[in-house]
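how would this look folded up:
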Amino acid sequence: MAEAGLIILAHGPWSAQISAPLGGSLLDLSHAGEPVLRRATKEALRTLGVRASACYPLVPYANRIAGGRLPAAGRLYTLRANFPPEPHALHGVGWQRSWQIVRAAGSSAELILRYEPDTPADWPFAFEARQRFELGERGLTIALSVSNRDAMAWPAGLGLHPNLALRPGETLQFDAAGAWCNGPDRLPAHPVCGAAWDFSKARSVAALDLDHDFHGWCGLARVGGGPPGVIRIKASEVFSVLRVFTPVARGFFALEPVTHIADAVHRPPSAETGHRLLEPGATLAGTVAIELEAPG
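Presented below is the predicted three-dimensional model:
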């Protein structure tokens with residue numbers, strides 16, 4: 001018997017599994033039976049929940065808000081720390097909510113999350129989020145959006161959290177203007193650049209120790225060195241920041257296309273931080289493709 005809310009997509013050699021109840025997360029993305037992202041196992045899901053998935057949505061903000069303190073609409077709201085023992089609010093509410101299936105057939109599916117602020121400590125503003133999944137010849141495209149359904153403007157952000165299995169010899173390559181160096185609280189303290197933050201040439205993932213935002217990201221990251229081939233994560237322009245998280249001792253790493261740096265709500269709106277206000281009725285949207293690079 002199929003698990004309730006589990007969607008299975010297929011297109012040629014590609015397959016994907018999506019769980020609507022588990023944060024609208026992607027459990028598996030495979031090509032010819034070989035996992036492209038870290039495949040979620042039943043044991044890991046029982047222990048870690050959505051954090052054991054292959055990819056999950058970050059909405060209506062990405063990464064951390066310092067101490068859960070949210071300045072918005074002329075007030076200071078306090079969000080609960082939703083990832084103990086982390087002292088900050090983390091990754092929005094979408095990953096901790098059940099999504100509804102709008103449609104699912106063949107190679108595509110659409111999920112929706114209608115959020116009302118019944119618990120303001122989770123998020124104090126009404127919104128609607130959508131995810132559209134489409135398998136094609138090259139891989140999976142995810143269109144993610146958030147629409148303001150409240151009466152006032154609030155700081156909005158989007159992101160995806162693809163998790164990749166760490167394989168021997170794996171490398172990472174991307175172009176960005178620079179990075180943000182973290183303070184002791186693991187929040188961005190000041191921008192940095194230079195050789196240590198330069199990934200324009202492929203570097204070994206196993207040698208990295210990062211949980212940092214790279215701003216001015218070009219929208220393309222390449223992971224090479226292992227099966228099933230060179231993995232490409234391509235994002236639309238709104239995703240101007242790439243969060244790189246490499247807990248290599250745990251056997252995986254994450255490349256997170258996001259619209260803003262962590263704790264952007266405590267910085268003035270700017271292209272470098274990605275801090276933006278979403279007006280009532282407005283929508284913030286973008287797409288991320290997870291593909292295999294064609295040989296040659």
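
so what pLDDT did the residue lying closest to residue 218 once chain neighbours are set aside get?
Counting by C-beta to C-beta, 6 or more residues apart in numbering, the nearest residue to residue 218 once its immediate chain neighbours are dropped is residue 175, at 4.2 Å. Just so you know, the C-beta spots here come from the backbone N, C-alpha and C atoms, and that holds for glycine as well. pLDDT for residue 175: 98.

Residue 175: what's it in contact with?
Counting by C-beta atoms under 8 Å, 6 or more residues apart in numbering, residue 175 touches 199-200, 217-218, 220.

Can you say which of those are buried?
Burial by neighbour count, judged by 16 or more other C-beta atoms under 10 Å, picks out 199, 217-218 from the contacts of residue 175.

CSV please, covering those and showing distance to residue 229, secondary structure and pLDDT.
Formatted as CSV, the buried ones among the contacts of residue 175 follow (distance: C-beta to C-beta, whole Å; DSSP: H, G, I helix; E, B strand; the rest coil; pLDDT from 0 to 100):
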residue, distance to residue 229, secondary structure, pLDDT
199, 19, coil, 98
217, 22, coil, 97
218, 21, coil, 97
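
Among those residues, which one sits closest to residue 113?
Checking the buried ones among the contacts of residue 175 against residue 113 by C-beta to C-beta gives residue 217 as the nearest, at 25.8 Å.

thinking that closest one is in contact with residue 179, fair?
No: applying C-beta atoms under 8 Å as the test, residue 217 and residue 179 come out as separate, 9.9 Å apart.

what stretches of the stretch 1-150 of the chain score poorly on pLDDT?
By pLDDT under 70, the low-scoring segments of the stretch 1-150 of the chain are 1-2.

what do you get if the cut-off is 80, keeping everything else the same?
1-3 (pLDDT under 80).

in it, which spans are helices?
Taking DSSP state H, counting those that start in this stretch as the test, the helices found in the stretch 1-150 of the chain are 42-48.

where do the strands sit along it?
Along the stretch 1-150 of the chain, the segments classed as strands by DSSP state E, counting those that start in this stretch run 6-11, 14-19, 25-31, 34-35, 57-58, 64-65, 69-72, 75-78, 89-90, 100-105, 108-115, 127-135, 139-148.

so which of the ones you listed comes closest to residue 261?
Residue 261 lies closest to strand 64-65 among those, at 9.7 Å (C-beta to C-beta).

Show residues contacting the closest one.
Strand 64-65 has contacts (C-beta under 8 Å, 6+ apart) with 79, 86, 88-90, 186-187, 262-263, 265.

please redo it, this time with the cut-off set to 10 Å
Strand 64-65 is contacted from outside by 71, 77, 79, 81, 83, 86-92, 155, 157, 185-188, 261-266, using C-beta atoms under 10 Å, 6 or more residues apart in numbering.

Tell me the buried residues within these.
77, 79, 81, 88-92, 155, 157, 186-188, 261-266.

So for this protein, the centremost residue is which one?
The residue lying closest to the centre of the chain (C-alpha atoms, centre = their mean) is residue 160, at 1.7 Å.

what's the distance between the closest residue to that one other than its chain neighbours and residue 242?
In space, and not counting its chain neighbours, residue 160 is closest to residue 288: 5.1 Å by C-beta to C-beta, 6+ apart. Going from residue 288 to residue 242 by C-beta to C-beta, to the nearest Å gives 11 Å.

Spit out the residues that contact the two alike.
Both residue 288 and residue 242 are in contact with 159, 219, 233, 235, 255-257, where contact means C-beta under 10 Å, 6+ apart.

Include neighbour count and secondary structure when you put those residues into CSV, please.
What follows is these, written out as CSV (neighbours: other C-beta atoms under 10 Å; DSSP: H, G, I helix; E, B strand; the rest coil):
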residue, neighbour count, secondary structure
159, 27, strand
219, 19, coil
233, 24, strand
235, 27, strand
255, 25, strand
256, 24, strand
257, 31, strand
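
Tell me the one of the residues you listed nearest residue 246?
Nearest to residue 246 among the shared contacts of residue 288 and residue 242 is residue 255, at 9.4 Å by C-beta to C-beta.

Could you pull out the buried residues of stretch 162-178?
Those would be 162-164, 166, 170-172, 174, 176, 178, for stretch 162-178 by 16+ other C-beta under 10 Å.

For that stretch, C-alpha coordinates in PDB please.
Extracted in PDB, the C-alpha atoms of stretch 162-178 (Å, rounded to 0.1, in the frame of the first residue of the first chain):
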ATOM      1  CA  PRO A 162      19.300  20.100  -1.300                       C
ATOM      2  CA  ASN A 163      21.400  17.500   0.600                       C
ATOM      3  CA  LEU A 164      24.100  15.600  -1.300                       C
ATOM      4  CA  ALA A 165      25.800  12.400  -0.200                       C
ATOM      5  CA  LEU A 166      29.500  12.900   0.300                       C
ATOM      6  CA  ARG A 167      31.400  10.600  -2.100                       C
ATOM      7  CA  PRO A 168      35.200  10.000  -2.400                       C
ATOM      8  CA  GLY A 169      36.900  12.600  -4.600                       C
ATOM      9  CA  GLU A 170      33.800  14.900  -4.800                       C
ATOM     10  CA  THR A 171      34.500  18.500  -5.800                       C
ATOM     11  CA  LEU A 172      32.600  21.700  -5.700                       C
ATOM     12  CA  GLN A 173      32.800  24.700  -8.100                       C
ATOM     13  CA  PHE A 174      30.800  27.900  -8.400                       C
ATOM     14  CA  ASP A 175      31.300  31.700  -8.900                       C
ATOM     15  CA  ALA A 176      30.300  34.300  -6.300                       C
ATOM     16  CA  ALA A 177      31.300  37.900  -5.500                       C
ATOM     17  CA  GLY A 178      32.300  36.900  -2.000                       C
END
